[in-house]
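S.K.: Need coordinates for the following:
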Amino acid sequence: HVQLVESGGGLVQPGGSLRLSCGASGSIYGDACVGWFRQAPGREREGVAAVESDGTLTYADSVKGRFAISKDNANNTVYLQMNSLKPEDTAMYYCAARNGYCYSMLSMYPYWGQGTQVTVS
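M.R.: Below you'll find the model as predicted:
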């Protein structure tokens, strides 16, 4: 059973930066898609960024040029570097993983972390 644990959230002023981390209990990241998702109050959960097993990166248009996802297979950790943060980035951020390719559908991800809160104010 794979467990994901996020950390690194917090309160930051507009224009600031945060780095989120997602650690996995098992060696899943080598052959998995790992994505970051977020959910703001009253809104649906949405994809933010994802990294394929071959290293291919994808980003939501709203975060392109500001956020960067990276993967450290040796340490079973995926990071989300968030720069130039805006109030509209405020949300609970979740990491999720699945074996195989990335998909936009949340239901395709069997492994989820508990979330870490990011507040930009």
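S.K.: Show the contacting residues for the closest residue to N99 other than its chain neighbours.
M.R.: In space, and not counting its chain neighbours, N99 is closest to A32: 5.3 Å by C-beta to C-beta, 6 or more residues apart in numbering. All C-beta spots, glycine's among them, are computed from the backbone N, C-alpha and C. A32 sits next to S53, A97, R98, N99, G100 when contact means C-beta atoms under 8 Å, 6 or more residues apart in numbering.
S.K.: Touching, the third one and Y109? I think so.
M.R.: Okay, so that is R98. Yes. With contact defined as C-beta atoms under 8 Å, R98 counts as touching Y109 (4.8 Å).
S.K.: Among the two, which residue is more densely surrounded?
M.R.: Y109 (22 against 18; other C-beta atoms under 10 Å).
S.K.: close enough to count as contact, that one and G35?
M.R.: Yes. At 6.9 Å, Y109 and G35 qualify as touching, with contact defined as C-beta under 8 Å.
S.K.: okay, and the common contacts of these two?
M.R.: A96, A97.
S.K.: Contacts for stretch 104-115 next, please.
M.R.: Counting by C-beta under 8 Å, 6+ apart, 2-6, 22, 24, 28, 35, 37, 45, 47, 92-98, 103 sit against stretch 104-115.
S.K.: just the buried members of those?
M.R.: Those of those that meet the buried threshold are 2, 4, 6, 22, 24, 28, 35, 37, 45, 47, 92-98, by 16 or more other C-beta atoms under 10 Å.
S.K.: per-residue pLDDT, the spatially most central residue of the chain?
M.R.: Closest to where the C-alpha atoms of the chain average out (C-alpha atoms, centre = their mean) is W36, at 2.1 Å. Looking at W36, its pLDDT reads 97.
S.K.: Now intersect the contacts of stretch 104-115 with the strands, please.
M.R.: Using DSSP state E, the members of these that fall in strands are 4-6, 22, 24, 35, 37, 47, 92-98.
S.K.: Can you list the low-confidence ranges for this structure?
M.R.: Within the chain, the stretches with pLDDT under 70 are 26-29.
S.K.: Swap in 90 and give it another go.
M.R.: Under the criterion pLDDT under 90, the flagged ranges of the chain are 1-2, 24-32, 53, 72-76, 100, 103-107.
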